[in-house]
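Q: my questions concern the predicted model and sequence given below.
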Amino acid sequence: MTSLGSLTEFVASQDELLREAALTLPHEFSRCTYSLGPIRQAVYLCLTCKLPRGLCSSCSIACHTDHEQIELFPKRNFRCDCPTTAIPHGCTLHRSLEEENRENSYDQNFRSIFCRCGRPYDPKCERETMIQCLACEDWFHESCLHLRTRPSSRESSPIPENEVSDNNNDTEDNQSEASSSGLPMPLISAEDYDAFVCSSCVRSIDTLRRYAGTQGVIMVVRDSEDSPWRKLGGNPLCVDAPTTMEDDLLDIDDSLAGPGQKRSRSHSFHSEAPERKKQHVLPESSSPCLAPAPNLIAQAIFQGSQQPSDTKVALGEGDVFLTDGWRGRWCRCSRCFPSLSDHPYLLEEEETYEPPEDPDSALSLEELGMRALERLPRDRAIDGIRAFNDMRDDLLAYLRPFAQEGRIVGEADVRQFFETLQESKHGS
């Protein structure tokens, strides 16, 4: 530990650590989410436990504190595995031992493997930003999405000394640039889109595949293997590629989002809050199909992936980036709606569980100590107060010579006081 110049600096550093801890962990982690059933929540993979299973936020902190973990971020329809027989490490928050979760889905992320490239994730060496697919919730490297060239070195890139964070910037809007320090700007930045769907998921959803490459459903394509990658379907004022009907586009409802705003990817909810009634989206059975004409380049990519040729490699992968307001632009005719309704997150924004706020997160150690003291039985509280007063008197006696001689109290002096205090306790 770096030597501190004075007792004042030591106290100030402790106060700063408390403030940082309150900002980093503002929630209360005293309740396992198992009793809530399968929900969309942040999931943590415990690498120390034998089986690759997922933990809720509370169990990752309260039950597996000293275990090596990887944050997998939100996963839908997931139930915490901590109190089940799949994890031998007993849950300290949910005392009843439960049967193994049979409905949970464990994809390659639970083997610490991500993206279509199948590379293990190492936060100490990874330079690129990874983007989560809205559908399968796997994570993809920007280079694997052809947003940038893969860095030649996998070593961690240093953060420039003159880099100053701007608290007024939207963290989500700048995720692609901020966490890829030292790399050039990606072809599509986070502020250009609201959601991402990988090519495998696009191919499994008919309506999404039909919309690919049209206005507001951006793709990354190239004309040949030697051509640079470019955006397709991003700018409604430009014609990115020939389509069967260039002007057959949907009107965008500006009321869905304010100008210049980016809607959050998902709502959050707490278990104590009453469940909101949702307005279910229904198909418009009598209306004509209002979907834009299919983009020829996009459809060639999907058709090429089903044929033994290099069409897919030459043109693109088939990933799509959905721009703001995309849920309000779907056609809801009897042909387009069924494949959308099979995936409710395409029609309505999902709620993601977050632990309740911790009312004690902003309290100092002294305030927490007094609160704990108030909860003790009277006789134990009196003993605690006496012990505190004795330590206070000893500390004042120890520091008095420093004040009289004008000496600075250093870290070594503080350590010596508490070591002497411990020795006197053992001696008595």
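A: Sure thing, it's come through.
Q: following element in sequence after the lowest-mean-pLDDT helix or strand in the chain, please.
A: Lowest mean confidence among the helices and strands of the chain (mean pLDDT, DSSP states H and E): helix 175-178, at a mean of 42. Following helix 175-178 in sequence order, the next helix or strand is strand 195-197 (DSSP states H and E).
Q: by contact count, what packs against that next one?
A: The helices and strands touching strand 195-197, judged by 3 or more CB pairs under 8 Å, 6 or more residues apart in numbering; DSSP states H and E, are strand 320-322. Any C-beta I mention is one placed from the backbone N, CA and C, and that applies to glycine too.
Q: list the buried ones in the strand it packs on?
A: For strand 320-322, the neighbour count (16 or more other CB atoms under 10 Å) marks Val320, Phe321, Leu322 as buried.
Q: tell me what the longest strand seen in the chain is packed against?
A: Longest strand in the chain, counting residues (DSSP state E): strand 69-78. Contacts defined by 3+ CB pairs under 8 Å, 6+ apart place strand 69-78 against strand 39-46, strand 54-55.
Q: what segments of the stretch 101-250 of the chain are strands?
A: Secondary structure of the stretch 101-250 of the chain (DSSP state E, counting those that start in this stretch): strands at 113-114, 119-120, 130-132, 139-141, 195-197, 217-221, 230-232.
Q: please identify the deepest-packed of those strands.
A: Of all the strands of the stretch 101-250 of the chain, strand 217-221 carries the top mean neighbour count, a mean of 25, counting by mean count of other CB atoms under 10 Å.
Q: give the pairing partners of that strand; include direction for each.
A: When sheet partners are counted by DSSP bridges, strand 217-221 sits next to strand 230-232 (antiparallel), strand 320-322 (antiparallel).
Q: can I get it in CSV? Just the C-alpha atoms.
A: The C-alpha coordinates for strand 217-221 follow below in CSV (Å, rounded to 0.1, in the frame of the first residue of the first chain):
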residue,chain,number,x,y,z
VAL,A,217,-32.7,-1.8,-40.3
ILE,A,218,-29.0,-1.3,-41.0
MET,A,219,-26.8,-4.0,-42.4
VAL,A,220,-23.0,-4.1,-43.0
VAL,A,221,-22.2,-5.2,-46.6
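Q: closest to Thr84 out of the strands of the stretch 101-250 of the chain?
A: strand 113-114 (22.9 Å; CB to CB).
Q: list the neighbouring strands of the closest one plus their orientation.
A: Here, using DSSP bridges, strand 113-114 pairs with strand 119-120 (antiparallel).
Q: hmm, who's touching the partner strand?
A: Outside strand 119-120, the residues within contact range by CB atoms under 8 Å, 6 or more residues apart in numbering are Ser112, Ile113, Phe114, His141.
Q: turn those residues into CSV, columns for distance to Ile61.
A: Below are the contacts of strand 119-120 laid out as CSV (distance: CB to CB, whole Å):
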residue, distance to Ile61
Ser112, 20
Ile113, 25
Phe114, 23
His141, 29
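Q: point out the most buried one among the helices and strands packed on strand 69-78.
A: Mean neighbour count (mean count of other CB under 10 Å) peaks for strand 54-55 among the helices and strands packed on strand 69-78, with a mean of 28.
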